[in-house]
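S.K.: sharing a sequence plus its predicted fold:
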Number of protein chains: 2
Amino acid sequence: MKSTRRKFITTTAALAAGTVTASAISLKEQKEEWPIVHHVFFWLKNPGSVEDRDKLVAGVKTLAKIETVRKLRVGIVASTEKRDVVDNSWAVSELMFFSDLAGQATYQTHPIHLEFIKNCSHLWEKVIVYDAQDA
Amino acid sequence: MKSTRRKFITTTAALAAGTVTASAISLKEQKEEWPIVHHVFFWLKNPGSVEDRDKLVAGVKTLAKIETVRKLRVGIVASTEKRDVVDNSWAVSELMFFSDLAGQATYQTHPIHLEFIKNCSHLWEKVIVYDAQDA
């Protein structure tokens, strides 16, 4: 019984230590975990259509299921101040993080991505992609 | 002794549970913590200058000190496959997350931001800003 309890204490402490490490990594070191940033901006064929925008948002969200996509943020235009340098003519943004370039390449040809293009490409007129890596 | 040990077990288990929750929030719910995404792309006056690029990278990194900037990722062009939709003509990217629009507004007029513009604006020729909020 004593031995079991000691084992329990050790296991719990190890679990706690392990989890603290995982938490610290996700908050502070995310940069090194997912150094590849893939940001896509979509312009709609029907720019005023909230319905088409929402369809595209729903489509982009399916991409989170691709295993090499470490994090996905789907965005719409934020109502920040109007400035000459701010481009707010797009409708939907797709911000993804990958662990490496191979993960991004896998994503490009992944069946879920191809299915998304098949189902949603009729909604957009223009796409711009920015691929960055941590400096 | 028995009571102390029981207390230790309870405390450790609670800590472990608490940390698991914190970790889950940071990984899965970050979206709701920092829903405003501010992505800036800089084109250099001297596009081929690695020295100027590195100066700008260093300048952008100073912006992390602004308290409303929840997370900062400074990027350079990633060597992903060349495709028509991929714009790789820029040099430095600044990806920031804010808790709200007020945080972004505070950033715009913050002394550290103004100092950065004063010290580094001679380096860039063009800037494009995308402001998104979680869909």
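M.R.: In hand now; what should we look at?

S.K.: use CA for all of it now, contacts and neighbours both
M.R.: Noted.

S.K.: pLDDT averaged over stretch A:107-126 - what is it?
M.R.: Stretch A:107-126 shows a mean pLDDT of 98.

S.K.: how is chain A divided into domains?
M.R.: Following automatic domain parsing, chain A resolves into domains at A:1-33, A:34-133.

S.K.: any idea which of those is most buried?
M.R.: domain A:34-133 (a mean of 18; mean count of other C-alpha atoms under 10 Å in any protein chain shown).

S.K.: what about that domain, start to end distance?
M.R.: For domain A:34-133, the first-to-last residue distance is 9 Å (C-alpha to C-alpha, to the nearest Å).

S.K.: show residues contacting the helix or strand residue A:42 falls within.
M.R.: Element membership for residue A:42 (DSSP states H and E) is strand A:36-44. Strand A:36-44 is contacted from outside by A:52-53, A:89-101, A:104, A:123-134, B:78, using C-alpha atoms under 8 Å, 6 or more residues apart in numbering or on different chains.

S.K.: so which of the domains of chain A comes closest to residue B:71?
M.R.: domain A:1-33 (9.0 Å; C-alpha to C-alpha).

S.K.: so is the strand or helix carrying residue A:129 next to chain B?
M.R.: Taking DSSP H and E as the definition, one finds residue A:129 inside strand A:124-134. Yes. Counting by C-alpha under 8 Å from any C-alpha of the partner chain, chain B is contacted by strand A:124-134 at A:127-134.

S.K.: for that strand, packing partners?
M.R.: Packing partners of strand A:124-134 (3 or more C-alpha pairs under 8 Å, 6 or more residues apart in numbering or on different chains; DSSP states H and E): strand A:36-44, strand B:71-77.

S.K.: now these as TSV including mean pLDDT?
M.R.: Shown next, in TSV, are the helices and strands packed on strand A:124-134 (pLDDT from 0 to 100):
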stretch	mean pLDDT
strand A:36-44	98
strand B:71-77	97
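
S.K.: could I get those as CSV with distance to residue A:111?
M.R.: Shown next, in CSV, are the helices and strands packed on strand A:124-134 (distance: least, C-alpha to C-alpha, whole Å):
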stretch, distance to residue A:111
strand A:36-44, 18
strand B:71-77, 26
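
S.K.: that older thread, could you point out which element follows the strand holding residue A:42?
M.R.: Moving toward the C-terminus from strand A:36-44, the next element (DSSP H and E) is helix A:50-61.

S.K.: contacting residues around the strand holding residue A:129?
M.R.: By C-alpha under 8 Å, 6+ apart, strand A:124-134 touches A:31-32, A:35-46, B:73-80, B:85-88, B:93.

S.K.: how far does it sit from the chain's center?
M.R.: The chain centre lies 13 Å from the centre of strand A:124-134; the measure is C-alpha atoms, centre = their mean, to the nearest Å.

S.K.: try stretch A:36-48
M.R.: The mean C-alpha position of stretch A:36-48 is separated from the chain mean by 14 Å, C-alpha atoms, centre = their mean.

S.K.: convert the C-alpha atoms of that stretch to PDB, please.
M.R.: What follows is stretch A:36-48 as a C-alpha-only set of coordinates in PDB (Å, rounded to 0.1, in the frame of the first residue of the first chain):
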ATOM      1  CA  ILE A  36       6.200  28.400 -40.800                       C
ATOM      2  CA  VAL A  37       3.300  30.900 -41.200                       C
ATOM      3  CA  HIS A  38       1.000  30.500 -44.100                       C
ATOM      4  CA  HIS A  39      -1.500  33.400 -44.500                       C
ATOM      5  CA  VAL A  40      -4.000  33.400 -47.300                       C
ATOM      6  CA  PHE A  41      -6.400  36.200 -48.200                       C
ATOM      7  CA  PHE A  42      -9.500  35.500 -50.300                       C
ATOM      8  CA  TRP A  43     -11.500  38.100 -52.300                       C
ATOM      9  CA  LEU A  44     -15.100  36.900 -53.000                       C
ATOM     10  CA  LYS A  45     -16.800  36.800 -56.400                       C
ATOM     11  CA  ASN A  46     -19.700  38.400 -54.700                       C
ATOM     12  CA  PRO A  47     -18.000  40.800 -52.300                       C
ATOM     13  CA  GLY A  48     -21.100  41.900 -50.500                       C
END
